[in-house]
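Engineer: Requesting a structural model of the entry that follows:
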Amino acid sequence: MNHYEEQEARKAALKDWLMSLKEGDEVAIPDRSRYNRAPHITTVLRVTATQIVVKEYAQEVRYNRYDGTRRGTGFATLKPVTDEVRAQVKRANDCDWLRTLTLRDADIEKIPPYVLGRMRDAYNNSMALHNTTQHHEGP
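Structural biologist: Here you go, the predicted structure:
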């Protein structure tokens, strides 16, 4: 299958998925904040012949049912919720949580030593892995 045929097959699969959506189904939408690059998982509120309406934060947002693009913008596109999307969301949420931590000395003293050791080991292992993958990636 050539590039054009692959692209057309992806478009057809997306359209089939969009046409199958119904109220209550989960969908992934691009996150609009500049800090969190992970998609946002939301629920379909209703479906019309031409639109898919979802709740995006505190407002209803309409997407084109034929290609999944956000009405009025054309660039934000609905995507299926996959294991990869769920992992991206979890990682973003974990990173956001970690950024909010402000540990005082008194709080740190309450953490059991084995937990502190595991936290240090996990941090050191992740940094070592990060440094290893950076050195081995090619241009």
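Engineer: For residue 26, give me phi and psi.
Structural biologist: With angles defined as degrees, to the nearest 10, residue 26 sits at phi -90, psi 140.
Engineer: Show me what counts as buried in the longest helix along the chain.
Structural biologist: Of all the segments of type helix in the chain, defined by DSSP state H, the longest one is helix 113-136. Residues of helix 113-136 classed as buried: none (neighbour count, 16 or more other Cβ atoms under 10 Å). No exception for glycine: its C-beta is placed from N, CA and C like everyone else's.
Engineer: go on, stretch 101-108?
Structural biologist: By neighbour count, and taking 16+ other Cβ under 10 Å as the criterion, stretch 101-108 has no buried residues at all.
Engineer: For that stretch, which outside residues touch it?
Structural biologist: When contacts are taken as Cβ atoms under 8 Å, 6 or more residues apart in numbering, the neighbours of stretch 101-108 outside the stretch itself are residue 116.
Engineer: How far does it stretch from one end to the other?
Structural biologist: This stretch, stretch 101-108, spans 11 Å end to end (Cα to Cα, to the nearest Å).
Engineer: Give me the distance between the helix or strand that contains residue 108 and the centre of its chain.
Structural biologist: Using DSSP states H and E, the element containing residue 108 is helix 105-109. In terms of Cα atoms, centre = their mean, to the nearest Å, the centre of helix 105-109 is set 33 Å apart from its chain centre.
Engineer: do stretch 112-130 as well
Structural biologist: With Cα atoms, centre = their mean as the basis, the distance from the averaged C-alpha position of stretch 112-130 to the chain average is 26 Å.
Engineer: For it, C-alpha coordinates in CSV please.
Structural biologist: Output of stretch 112-130 as CSV, limited to C-alpha atoms (Å, rounded to 0.1, in the frame of the first residue of the first chain):
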residue,chain,number,x,y,z
PRO,A,112,9.2,6.6,56.1
PRO,A,113,12.9,5.9,55.2
TYR,A,114,12.1,3.1,52.8
VAL,A,115,9.7,5.3,50.9
LEU,A,116,12.3,8.1,50.7
GLY,A,117,14.8,5.5,49.4
ARG,A,118,12.4,4.2,46.8
MET,A,119,11.7,7.8,45.7
ARG,A,120,15.4,8.5,45.4
ASP,A,121,16.0,5.3,43.5
ALA,A,122,13.1,5.9,41.1
TYR,A,123,14.4,9.4,40.4
ASN,A,124,17.9,8.3,39.9
ASN,A,125,16.8,5.4,37.6
SER,A,126,14.6,7.7,35.5
MET,A,127,17.5,10.3,35.1
ALA,A,128,19.9,7.5,34.1
LEU,A,129,17.5,6.2,31.6
HIS,A,130,16.9,9.7,30.2
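Engineer: Many thanks, we can stop here.
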